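# A predicted structure for the sequence below; I have some questions about it.
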Amino acid sequence: MERSNIARRDDENVFLSVVIPVFNEQENVEPVYAQLKEVLKELGRSYEIIFVDDGSWDDTFPLLCGLHQGDPHVKVVKLRRNFGQTPAMSAGFDMARGDVVITMDGDLQNDPWDIPHLLKKMAQGYDVVSGWRAHRKDSFVTRILPSKMANWLIGVITGVRIHDYGCTLKAYSAKVLKNIHLYSEMHRFVPAMATIAGAGIGELVVSHHPRIYGRSKYGISRTGKVLLDLIAVKLLIRFSPNPGHWFGIFSVPFWLLGFVLGLWSLKLALTPHAGYFPIIIPALCFLMFCSAFYLVLLGLLSELVVKTGSYSIARVSWAMVSDEG
Amino acid sequence: MREARSVDISVVIPVSQHSGDLEEIYTRFSSELEKTGQLYEFIFIDDGIGEKSFQILKHIQEQHANVKVIKFNQTFGEAVALSVGFEKARGEIIITLASFMQTDPQDIHKLLHEIEVGYDLVIGWRYHRVDPVLNRWQSIAFNWITRRLTKVPLHDLNCSLRVLRRKVVEAIPVYGDQFRFLPILANRQGFRVKEVRVRHMEEMGETGIYGLGSYVRRMIDIFTLFFLVKFTKKPLRFFGLIGSALFGVGLSINLYLTVIRLMGNAIGDRPLLLLGVLLMVLGIQTFAIGLVGEIIIFTHAKKIKEYNIEQFLE
């Protein structure tokens, strides 16, 4: 796939990286920085602020350049075009060097003063701490209700119930991000995947402010696609360690049906019929056997894929545990 | 190889069976490039063209210091030839050309100018096509469909004349027949892409009317592109949707038959039953294929970078 040849210098250690994807947020960039700066200064730990400019065409980038020049803590990643929130975040993650990485919105809706609380929670031993906007300041019908439904659905399907998957303000330990790779619109599901891989996940009520400048660019939309993505995540979590096994289980009903239909056809063949023979029964029998066989083959194929791939839930879990010590 | 690393422009020419007068191409294009005052090199890739044509290439190479020839021992196709050429190219700017006089060499300045202005990839648009009507129609249809699908406003993807910056090919690997879509893939990666009208020359080397095979290949290209552009990272969205639809139709057919059966009519001899079951099975299988695709993406996600960084201020 696409390659990116820009890599980070790896010369200094940073405790905290704050990753902020921004897309056409010219009014918000400077206030966000000012607020953040105040909080981070008070922390007294080493930090960096990584703004990811997701292909803005307004004055966002020049403003970020200004901030970068004024403050060596500010790093700016400029993407070639607008790629979307997940790619922007993963660009930020790939560039982040902190032991803890915090993501937040660039629109002033998250409160930087929650960061110390997130860090306190992380210090208790969690690998991911997810913000929960218990009192959201958004329109109920267009944003809160769909989000509630999405959270419920993600919770039910993945079995990892947190209140606010959509909240950008989250803290991750570096080892989680190192081991979970983002693609498509996967950033929403990182907490779920991390949990299933054995990470400890915590939740923290965070404050949420109404938007002052500009309008919202990202949001949970296109429920049908999210649903299919969700099914994908669920199946991946369940399947990817040993897909052959699962495809095998999948194929069992087909084998059984085929077998029953086969017996039935045999019985029909042995009992003398007056001219009429329901050909459909043996036909269905063959069909069932064929698809059962086909599923087993797919299982073998995916075994092959997993074995040659560099990444699996099992490996992630292992990495989490082995990093513990 | 002969001179130090100081080439500004690399001209990459995949030479296929249907090549024209290579000597003429070299002479005419190099005399145009001479005018730019930049240092340039020519890289001919012999895509298994046979001994006789290779001798011509060898002859050119012996006479000019800035010519390289790479010889394949069999035909690998234009995409492979191009990617090998890109690998060997040392210039910051790369020009690709057809191995016959496809466009007016003088137009090269127009394209180079756009690169100077700041575009990353400039492709020629043969305006006033002079090839057979049928070919033109095929090309128009192909480009129209591609435009519709990708929303990238380009009119002549099959034009071999392209000028691009090195960073474009570094960011986008070319394989299969995908080199045709290089401008589109570049555009999707956020590179600045432009097309420039160029004069179409009488294609002397060869062309004739495209065979039926070329139509089939174009259709497959379009389908591949569609899949690549829309669903690379989310195969389950694509297969899942189709699978669910097939399964749904099959299920409704069978429900309908069940109702009929419950009303006391025999359904054992109805082909519809077979269709219903077949569709359901097909639906499940399509979904399963999507799942395998998803597993592929998931297990290889480490290598997938969905973003392309233009600048990093550290």
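Arrived safely. Numbers count the residues shown, from 1 in each chain, chains lettered A, B, ... in the order given.
# so how far is B:V11 from the one residue in the stretch 1-150 of chain A that gets nearest to chain B?
Chain B sits closest to A:R80 of the stretch 1-150 of chain A, with a gap of 2.4 Å, by C-beta to the nearest C-beta. Placement of C-beta: from N, CA and C, glycine included. The gap separating A:R80 from B:V11 is 26 Å, by C-beta to C-beta, to the nearest Å.
# go on, B:E310?
For B:E310 relative to B:V11 (C-beta to C-beta), the value is 27 Å.
# Show me which of the two is the more surrounded one.
B:V11 (26 against 18; other C-beta atoms under 10 Å in any protein chain shown).
# Check whether that one really touches B:I93, as I assumed.
No: counting by C-beta atoms under 8 Å, B:V11 does not reach B:I93; the two are 9.5 Å apart.
# does B:E195 count as helix, strand or coil?
strand (DSSP: H, G, I helix; E, B strand; the rest coil).
# tell me the contacts of the closest residue to it other than its chain neighbours?
Ranked by C-beta to C-beta, 6 or more residues apart in numbering or on different chains and with sequence neighbours excluded, the top spatial neighbour of B:E195 is B:W125, at 4.6 Å. Neighbour list for B:W125: B:154-156, B:159, B:195-198 [criterion: C-beta atoms under 8 Å, 6 or more residues apart in numbering or on different chains].
# just how off-centre is stretch A:287-303 within its chain?
30 Å (C-alpha atoms, centre = their mean, to the nearest Å).
# for it, which positions count as buried?
A:287-289, A:291-292, A:294-296, A:298-299, A:301-303 (16 or more other C-beta atoms under 10 Å in any protein chain shown).
# Return the subset of those residues lying in helices.
Counting by DSSP state H, those place A:287-289, A:291-292, A:294-296, A:298-299, A:301-303 in helices.
# near chain B, from those residues?
A:287-288, A:291, A:294-295, A:298, A:301-302 (C-beta under 8 Å from any C-beta of the partner chain).
# Pick the one among those closest to A:P191.
A:S302 (25.6 Å; C-beta to C-beta).
# need the residues of the stretch 201-325 of chain A near chain B, please.
Residues of the stretch 201-325 of chain A lying near chain B (C-beta under 8 Å from any C-beta): A:225, A:228-229, A:231-232, A:235-236, A:239-240, A:243, A:247, A:250, A:276, A:278-281, A:283-284, A:287-288, A:291, A:294-295, A:298, A:301-302, A:305-306, A:308-312.
# Now the buried members of the residues you listed.
Among these, the ones that count as buried (16+ other C-beta under 10 Å) are A:225, A:228-229, A:231-232, A:235-236, A:239-240, A:243, A:247, A:250, A:278, A:280-281, A:283-284, A:287-288, A:291, A:294-295, A:298, A:301-302, A:305-306, A:309, A:311-312.
# Let's see which of these end up in helices.
A:225, A:228-229, A:231-232, A:235-236, A:239, A:243, A:247, A:250, A:280-281, A:283-284, A:287-288, A:291, A:294-295, A:298, A:301-302, A:305-306.
# Could you list the low-confidence segments of the stretch 1-150 of chain A?
Along the stretch 1-150 of chain A, segments meeting pLDDT under 70 span A:1-12.
# which residues of it fall in helices?
A:29-43, A:60-70, A:85-95, A:115-123, A:145-158 (DSSP state H, counting those that start in this stretch).
# which strands and helices sit next to the last one?
Pointing back at helix A:145-158 there. helix A:190-196, helix A:223-239 (3 or more C-beta pairs under 8 Å, 6 or more residues apart in numbering or on different chains; DSSP states H and E).
# Out of these, the one nearest B:I222 is which?
Closest among the helices and strands packed on helix A:145-158, once you apply C-beta to C-beta, is helix A:223-239, at 22.7 Å.
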